[in-house]
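Enquirer: What would the 3D arrangement of this be:
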Amino acid sequence: MTDQYQAGTTVSRDRLKKGDLVFFSVSPGRPISHVGIYVGENVFIHAPGKGKKVREESLDGRYFKERFSGARAYLN
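Expert: Prediction:
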């Protein structure tokens, strides 16, 4: 995930577009530990863990808002 995070073009939260990847870490300054795909309207999809179903989450939800590390675009 770190390689994915370091690649691509940095995107601010207010400029996210569908298909951009959003990255999270357990705590600020820690390595990236989770990634999701932005689908619009401040929502992303992700697989929350092994054996769990892919689901939608809000970037404004407390858990993910506190752990948001950044976003990257890979398509022009």
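Enquirer: what's stretch 24-39 in contact with?
Expert: Stretch 24-39 is contacted from outside by 1-2, 4-5, 16-23, 44-46, 56-57, 64, 67-69, 71, using CB atoms under 8 Å, 6 or more residues apart in numbering. All C-beta atoms are positioned from the backbone trio N, CA, C, and that covers glycine.
Enquirer: just the buried members of those residues?
Expert: 5, 16, 20-23, 44, 46, 57, 64, 67-69, 71 (16 or more other CB atoms under 10 Å).
Enquirer: so where's this structure shaky on pLDDT?
Expert: 76 (pLDDT under 70).
Enquirer: Would you tell me what helix or strand the most centrally placed residue in it is located in?
Expert: Geometric centre of the chain, nearest residue: residue 22, 1.9 Å, by CA atoms, centre = their mean. According to DSSP states H and E, residue 22 maps onto strand 21-25.
Enquirer: mind listing what the helix or strand following that strand pairs with, with the direction of each?
Expert: Next along the chain after strand 21-25, taking DSSP H and E as the criterion, comes strand 32-40. Looking at strand 32-40 with DSSP bridges, its partner strands are strand 21-25 (antiparallel), strand 43-46 (antiparallel).
Enquirer: May I see those organised as JSON lines, with distance to residue 34 added?
Expert: Formatted as JSON lines, the strands paired with strand 32-40 follow (distance: least, CB to CB, whole Å):
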{"stretch": "strand 21-25", "distance to residue 34": "4"}
{"stretch": "strand 43-46", "distance to residue 34": "7"}
